[in-house]
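Student: Only the shape, not the letters, is given here:
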């Protein structure tokens, strides 16, 4: 009896200890139904079923679904049961560790070509992401050509951040079907231990990372602060390499501590940096507890969001589409505004959906801004309009505001109109993987339907843009008025749809430059810049110059190209320098200017 009683006491003690340990965990915040959180004690089959269910419905380029899939620290998949899954539109996959090494997935996270009657492409594989985890590539349960490796066949707005990718073959093209074109990818703060098959990626930026190798330059591949990057060889092959990245600030990310309490980590700004932030110790920065965030839902009013901001809270927009009928005002320094699952803010009745005051350190990340049918002055205004009196000191320059993984869309899923998609008034701002896009395809688009003069107007000084995508706007795609601006990898397509040359000209010039640096600017520099024309309504249209800059010693451009995709002509690459673009999709290169 004494032995049995002792055993019962031991069992009760173990149960109580287990209960205490379980109760020691912090309940997850209410992120809403479209945030899925996985734990390592879940079966691979259960996790895969959920991932497959999401990706199977996230196949519409302009669909309404938004999802974030978060992995608690631990190991997922394995040699006997690899976790192989697809990443669909508007789907964010992220680990919840302090380090990318805290979450390990053995398997693959794939994005494949989309096929139609003309072939199979990745040119429209937008709006998805993979971040903050380690991927041990295992293809043993895949079949056919797909077994070759992990395919991340994407174009714009599909970033890889804070990733460690090893133990297998990693490809940025899906070569299992052709012609496999892709263009506009982005990798940051990551380690890819093997060689990357770039393949058909026409333009690409890798920054602050380590790669085991890189294959195929195509039109323009740019590396800034990347260990293992190809040497500078533009234009043959077209590799552009900067040993360090002049200015960066990594995107804030969710993580949990040992008690599964949620926090947001905000990395510090860096200057003249190279390599990932986390491989030789913790990423520099600071944590903010989840209690300091307002978790916005699509059903919340803008008044509720503004009230939370006025109380000093930060904001996380949970996955969904938000109708913004009053401007969201961010007035406090160092406020963090973070979108989960490509949360989307849509302008209603011509408002500017978000405006940031002229304060230091504000971060806007992971959001899509959509124009509405009533014209808005802007979709995002970052900083108050300049009045000529504001002076930014050195301390503010070390606490830079930043936009990371931000998309701004005019046209589709609804008709949209705006004067300028993004206006950057704040000095010392970092634009990191920003895509301003006047839609070029789908219903409800056209020269007089989805109207937008400018993509991005930069009025602030010391603004740095890395992975800068601005496309299809009807006047200057980029108008840069501030001093000491820097751009590292710029991708542009001019508008497809001018009805004729008379509708697309100014002041005796044919067309509008893709990238205009104001005539009074004294200092500006850019690396790895490209502009293309595809005037498919009237292929006789000419554009006088792709890049228009003042002729002064302080304005310098490196590794620049222009080309015609067999419809229309760009007469000069920079000002009146550089030959006209020939037919046949042949780049015209300028190594440096002046």
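Tutor: Happy to help now that I have it. The structure displayed is predicted, hence computed values, not measured ones. Residues are numbered from 1 along each chain as shown.

Student: tell me the phi and psi of residue 144?
Tutor: Taking degrees, to the nearest 10, you get phi 60, psi -150 for the backbone angles of residue 144.

Student: same deal with residue 309?
Tutor: According to degrees, to the nearest 10, residue 309 has phi -60, psi -40.

Student: Kindly provide the distance from it to residue 396.
Tutor: 20 Å (CB to CB, to the nearest Å). (Glycine included, C-beta is placed from N, CA and C.)

Student: what does residue 128 give?
Tutor: 34 Å.

Student: domains for the protein, by residue range?
Tutor: 30-243, 290-387+399-593 (automatic domain parsing).

Student: unless I'm mixing things up, residue 244 is touching residue 275, no?
Tutor: No. With contact defined as CB atoms under 8 Å, residue 244 does not reach residue 275; the gap is 9.5 Å.

Student: Now for those two: what residues contact both?
Tutor: Taking CB atoms under 8 Å, 6 or more residues apart in numbering as the criterion, residue 244 and residue 275 both touch residue 225.

Student: got the contact list for the residue nearest in space to the middle of the chain?
Tutor: Residue closest to the average C-alpha location in the chain (CA atoms, centre = their mean): residue 405, at 3.1 Å. Going by CB under 8 Å, 6+ apart, residue 405 touches 129, 157, 159, 161, 251, 365-367, 432-433.

Student: What separation is there between it and residue 190?
Tutor: The value you get for residue 405 to residue 190, if CB to CB is used, is 14 Å.

Student: now residue 470
Tutor: From residue 470 to residue 190 the distance is 24 Å (CB to CB).

Student: before we move on, what about residue 91?
Tutor: For residue 91 relative to residue 190 (CB to CB), the value is 19 Å.

Student: what do you get for residue 165?
Tutor: From residue 165 over to residue 190 (counting by CB to CB), the distance is 7 Å.

Student: what do you get for residue 262?
Tutor: For residue 262, the distance to residue 190 - CB to CB - is 23 Å.

Student: Mean pLDDT per helix and strand in this structure: which one sits at the bottom?
Tutor: Within the chain, no helix or strand scores below helix 2-23, which has a mean of 48 by mean pLDDT, DSSP states H and E.

Student: elements contacting the next helix or strand after it?
Tutor: Of the helices and strands lying after helix 2-23 in sequence (DSSP states H and E), the nearest is strand 35-38. When contacts are defined as 3 or more CB pairs under 8 Å, 6 or more residues apart in numbering; DSSP states H and E, strand 35-38 packs onto helix 44-57, strand 67-71.

Student: could you dump these to CSV with mean neighbour count, mean pLDDT and distance to residue 486?
Tutor: Shown next, in CSV, are the helices and strands packed on strand 35-38 (neighbours: other CB atoms under 10 Å; pLDDT from 0 to 100; distance: least, CB to CB, whole Å):
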stretch, mean neighbour count, mean pLDDT, distance to residue 486
helix 44-57, 16, 98, 37
strand 67-71, 25, 98, 32
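
Student: Nearest to residue 198 among these would be which one?
Tutor: Closest approach to residue 198 among these (CB to CB): helix 44-57, 24.3 Å.

Student: That closest one vs strand 67-71, what angle?
Tutor: Angle between the axes of helix 44-57 and strand 67-71 is 160 degrees (criterion: axes from the mean of the first three to the mean of the last three CA atoms, to 10 degrees).

Student: coming back round to it: residue 262 and residue 190: who's more crowded?
Tutor: residue 190 (26 against 21; other CB atoms under 10 Å).

Student: Who are the contact partners of that one?
Tutor: Residues in contact with residue 190 (CB under 8 Å, 6+ apart) are 100, 160-165, 209-210, 276.

Student: Neighbours of residue 313, how many?
Tutor: Residue 313 has 18 nearby residues by other CB under 10 Å.

Student: Might one say that it is in contact with residue 291?
Tutor: No. Residue 313 is beyond contact range of residue 291, at 9.0 Å (criterion: CB under 8 Å).

Student: Residue 215 touches residue 197, doesn't it?
Tutor: Yes. Between residue 215 and residue 197 there is a contact at 5.5 Å, judged by CB under 8 Å.

Student: Could you check the pLDDT of residue 525?
Tutor: What the model reports as pLDDT for residue 525 is 98.

Student: Secondary structure element for it, which one?
Tutor: Judged by DSSP H and E, residue 525 forms part of strand 524-533.

Student: Tell me which other helices or strands the next helix or strand after that strand touches.
Tutor: Tracing the chain past strand 524-533, the next element assigned as helix or strand by DSSP H and E is strand 542-548. Judged by 3+ CB pairs under 8 Å, 6+ apart, the packing partners of strand 542-548 are strand 509-510, strand 515-517, strand 524-533, strand 555-564, strand 569-574.

Student: Could I get the contacting residues of residue 92?
Tutor: Residue 92 sits in contact with 67-69, 128-129, 131, 340-342, 366, where contact means CB under 8 Å, 6+ apart.
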